[in-house]
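Chemist: Task: produce atomic coordinates for the following.
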Amino acid sequence: MIGRFLANGKIYEGRFELKGDRLVFDSLELPIECVKFLPPVSPTKIIAVGLNYVDHAEELGMPIPEEPIIFIKPPSAVIGDRDPILIPSLSKRVDYEGELAVVIARRCRSVPKEKAKDFILGYTCFNDVTARDLQARDGQWTRAKSFDTFAPIGPYIVELEDLSKLRIETRVNGEVKQRSNTSNMIFDVFSLVEFISSIMTLEAGDVIATGTPAGVGMLKSKDLVEVEIEKIGVLRNPVIDYSEKL
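Modeler: The predicted structure is shown next:
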């Protein structure tokens, strides 16, 4: 596992192990409850993919796209595990979208699909938080996707060989809202790296959010939203109104 965490008033970064309820980093061993996971990367950009699960396309009654639909989320939206998602006063409907995220290992451009694995550091959980009413009003997605705290990521990065059949689940207050499998992806991870890198240079730490399955829905203040991906972990974030933060 790769990540960043706060413990004993210090920030640690790098590879670590989880052994039961303890975290082991070099010679340091800590109870997991004493660790605060920080966002595992500081991306220059987050490239997100829309409509990339068959079940989500069916849910919306939309045709399967012929090529990936991509948009950008700003790095200022990034928060980590257990950090609060803030509902902005401008929006009356903020939705969760649980996703698998790809973290880029090093600078790359025009990467062929068969070599994409060489440029991937690992994988983590992501929540593509969206102001759905503003998305509908604007007719494009920038404002709806870009508020501060609208890109929860983490809790850490995991290196995996096989991504073809990972269970992905989103829960709100313990109730399952999304349950699918990466086998339902329309464009797989390596195809996405190829497509996106043919358009823009990807930098080390950049994130590709690979799309959400069926079951997206609304968040409200006091909710706890969890995105869990098999073999990776659970990303947890409480939800509060922005006015409550002031």
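Chemist: Using the centroid of the protein, identify the residue furthest from it.
Modeler: Largest separation from the mean C-alpha position in the chain: residue 27, at 30.1 Å (CA atoms, centre = their mean).
Chemist: Got phi/psi on it?
Modeler: For residue 27, the backbone dihedrals are phi -90, psi 0 (criterion: degrees, to the nearest 10).
Chemist: For it, give me its contacts.
Modeler: Contacts for residue 27 (CB atoms under 8 Å, 6 or more residues apart in numbering) come out as none. Where you see a C-beta, it was placed from the backbone N, CA and C, and this is true even at glycine.
Chemist: For the nearest residue to residue 146 once chain neighbours are set aside, give me its contacts.
Modeler: Distances taken as CB to CB, 6 or more residues apart in numbering place residue 74 nearest to residue 146, at 5.3 Å, with adjacent residues excluded. Residues near residue 74 by CB under 8 Å, 6+ apart: 45, 46, 146, 151.
Chemist: ranking these by neighbours, who comes first?
Modeler: Within those, most neighbours by other CB atoms under 10 Å means residue 151, with 27 neighbours.
Chemist: Excluding sequence neighbours, find me the nearest residue to that one.
Modeler: residue 77 (3.8 Å).
Chemist: Could you report the neighbour count for that neighbour?
Modeler: Residue 77 has 18 neighbouring residues, counting by other CB under 10 Å.
Chemist: Also the one 5 residues further on?
Modeler: The burial metric for residue 82, expressed as a neighbour count using other CB under 10 Å, is 15.
Chemist: Any chance of the contacts of residue 74 in CSV with pLDDT, secondary structure and distance to residue 225 as columns?
Modeler: Putting the contacts of residue 74 into CSV (pLDDT from 0 to 100; DSSP: H, G, I helix; E, B strand; the rest coil; distance: CB to CB, whole Å) gives the following:
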residue, pLDDT, secondary structure, distance to residue 225
45, 98, coil, 23
46, 98, strand, 18
146, 97, coil, 19
151, 98, strand, 13
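Chemist: Please render these as TSV that adds distance to residue 113 to the earlier fields.
Modeler: Conversion of those to TSV gives the following (distance: CB to CB, whole Å):
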residue	distance to residue 113
45	21
46	21
146	29
151	26
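Chemist: Can you pick out the most distant pair from those?
Modeler: 45 and 146 (11.6 Å; CB to CB).
Chemist: Kindly state the domain boundaries assigned to this protein.
Modeler: The record's domain parsing of the chain by automatic domain parsing lists 1-38, 39-245.
Chemist: ok, the nearest residue in space to residue 182 that is not next to it in sequence - contacts?
Modeler: Nearest non-adjacent residue to residue 182, counting by CB to CB, 6+ apart: residue 166, 4.5 Å away. By CB under 8 Å, 6+ apart, the contact list for residue 166 reads 100, 160, 181, 182, 229, 230, 231, 232.
Chemist: if we can go back for a sec, state the distance from the residue farthest from the centre of the chain to residue 98.
Modeler: 36 Å (CB to CB, to the nearest Å).
Chemist: Quickly list what the residue lying closest to residue 15 once chain neighbours are set aside is bridged to.
Modeler: Distance criterion CB to CB, 6+ apart; nearest residue to residue 15, sequence neighbours excluded, is residue 2 at 5.5 Å. Counting by DSSP bridges, residue 2 is bridged to residue 15, residue 157.
Chemist: Test my guess that residue 2 contacts residue 40.
Modeler: Yes. Using CB atoms under 8 Å, residue 2 is in contact with residue 40, at 6.6 Å.
Chemist: These two - which one has more neighbours?
Modeler: Using other CB under 10 Å, the more surrounded residue of residue 2 and residue 40 is residue 40, with 27 against 17.
Chemist: Let me see the contact set for the more buried one.
Modeler: Residue 40 touches 2, 3, 4, 80, 103, 124, 153, 154, 155, 156, 157, counting by CB under 8 Å, 6+ apart.
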